[in-house]
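Chemist: got a structure for you, letters missing:
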């Protein structure tokens, strides 16, 4: 997304983007490396660790009311873009978000799994990961692979429910992202807040894996899918965040 914006000469006044944390950290890292001013808007309910990481990377952080969720952060980013001329990458709408996973993550999963996959399970934040990877897997396997989306039980918008407050930071923005390719999704699974947190703690204590809350949600959902498909099923998921960003709440 950043490289595309650079090519089009859109970053002369920097980058402004709403984030729940993970995408913002990536933007801040690349912005620091490539010399771009980065302004990030984030709901105040996100973990303190995320704020510290973003500030350490040199990003300017603007906190928005927690009860407004990601929609509030998005509106604030639009306001700042108009005031400063900074460019919004529009991660919830930018097709390059999907392309990055379609041309990198998806093929990498195929190679690492030796082209043997029964299901792919991923939480939906922007929808970029599941859309990009899902396209690759559906192209290669067709209906032989099951693509499963994960969302918070307290905000089941993909399942046709109403948006609500939840504690699984990184997924469940409270609306259906424009870049989400629902044509590749076979099923949507909801995960309770407690399931995600418990799984993150379990993975640390029993597997030595320091992963975050959205990773806990992914693994909890992947285990449900594996139980349905049977013991020989090859189920893939992704751990997109690190526990160090959640130590104050885990």
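Modeler: Good, I have the coordinates. Just so we're clear, the structure is a prediction, and the values are computed from it rather than from any experiment.
Chemist: Can you name the element that comes right after the strand or helix carrying residue 54?
Modeler: Following DSSP states H and E, one finds residue 54 within helix 48-56. Later in the chain than helix 48-56, the nearest helix or strand by DSSP H and E is strand 60-64.
Chemist: model confidence over the helix holding residue 54, on average?
Modeler: Throughout helix 48-56, pLDDT has a mean value of 93.
Chemist: And the pLDDT for the nearest residue to residue 58 once chain neighbours are set aside?
Modeler: Using C-beta to C-beta, 6 or more residues apart in numbering and skipping residues adjacent in sequence, the residue nearest residue 58 is residue 32, 5.1 Å away. In this view, the C-beta of every residue, glycine as well, is placed from N, C-alpha and C. If you check residue 32, the pLDDT there is 98.
Chemist: what about residue 32, how many residues close to it?
Modeler: Here the number of neighbours of residue 32 (other C-beta atoms under 10 Å) works out to 14.
Chemist: And the helix or strand harbouring it, what does it pack against?
Modeler: Assigned by DSSP H and E, residue 32 belongs to helix 22-34. Of the remaining helices and strands, those touching helix 22-34 by 3 or more C-beta pairs under 8 Å, 6 or more residues apart in numbering; DSSP states H and E are helix 2-7, strand 15-18, strand 38-43, helix 48-56.
Chemist: ok, residues contacting the least confident helix or strand in the chain by mean pLDDT?
Modeler: Each helix and strand of the chain was given a mean pLDDT (mean pLDDT, DSSP states H and E); the minimum falls on helix 48-56 at a mean of 93. By C-beta atoms under 8 Å, 6 or more residues apart in numbering, the list of residues contacting helix 48-56 from outside reads 21, 24-25, 28, 40, 42, 61, 63, 169, 244-248.
Chemist: Next: stretch 1-9.
Modeler: Residues external to stretch 1-9 that are found in contact with it (C-beta under 8 Å, 6+ apart): 11, 15, 27, 30-31, 34, 36, 87, 89, 91, 94, 96-97, 100.
Chemist: quick one, phi/psi of residue 167?
Modeler: Backbone dihedrals for residue 167, given as degrees, to the nearest 10, come out at phi -120, psi 10.
Chemist: Just give me the neighbour total for it.
Modeler: Residue crowding around residue 167 was assessed by other C-beta under 10 Å; the count is 15.
Chemist: List the contacts of it.
Modeler: With C-beta under 8 Å, 6+ apart as the criterion, the residues that contact residue 167 are 152, 193, 196-197, 213, 249.
Chemist: Centroid-nearest residue for the protein?
Modeler: The centroid of the chain falls nearest to residue 125 when counting by C-alpha atoms, centre = their mean (4.1 Å).
Chemist: measure that residue to residue 214 for me?
Modeler: Summarising the geometry, the distance separating residue 125 from residue 214, computed by C-beta to C-beta, to the nearest Å, is 7 Å.
Chemist: Between the two, which contacts overlap?
Modeler: Applying C-beta under 8 Å, 6+ apart, one finds that residue 125 and residue 214 are jointly contacted by 22, 170-171.
Chemist: looking at those, which has the most residues close by?
Modeler: For those, neighbours were counted using other C-beta under 10 Å, and residue 171 has the most, 27 neighbours in all.
Chemist: That residue: what's it in contact with?
Modeler: If you count contacts by C-beta under 8 Å, 6+ apart, residue 171 has them with 123-125, 150-152, 214, 217.
Chemist: Do I have it right that residue 80 meets residue 38?
Modeler: No. Taking C-beta atoms under 8 Å as the definition, residue 80 is not a contact partner of residue 38, at 11.5 Å.
Chemist: okay, these two: which has more neighbours?
Modeler: With neighbours defined as other C-beta under 10 Å, residue 80 and residue 38 compare such that residue 38 has more, 25 against 21.
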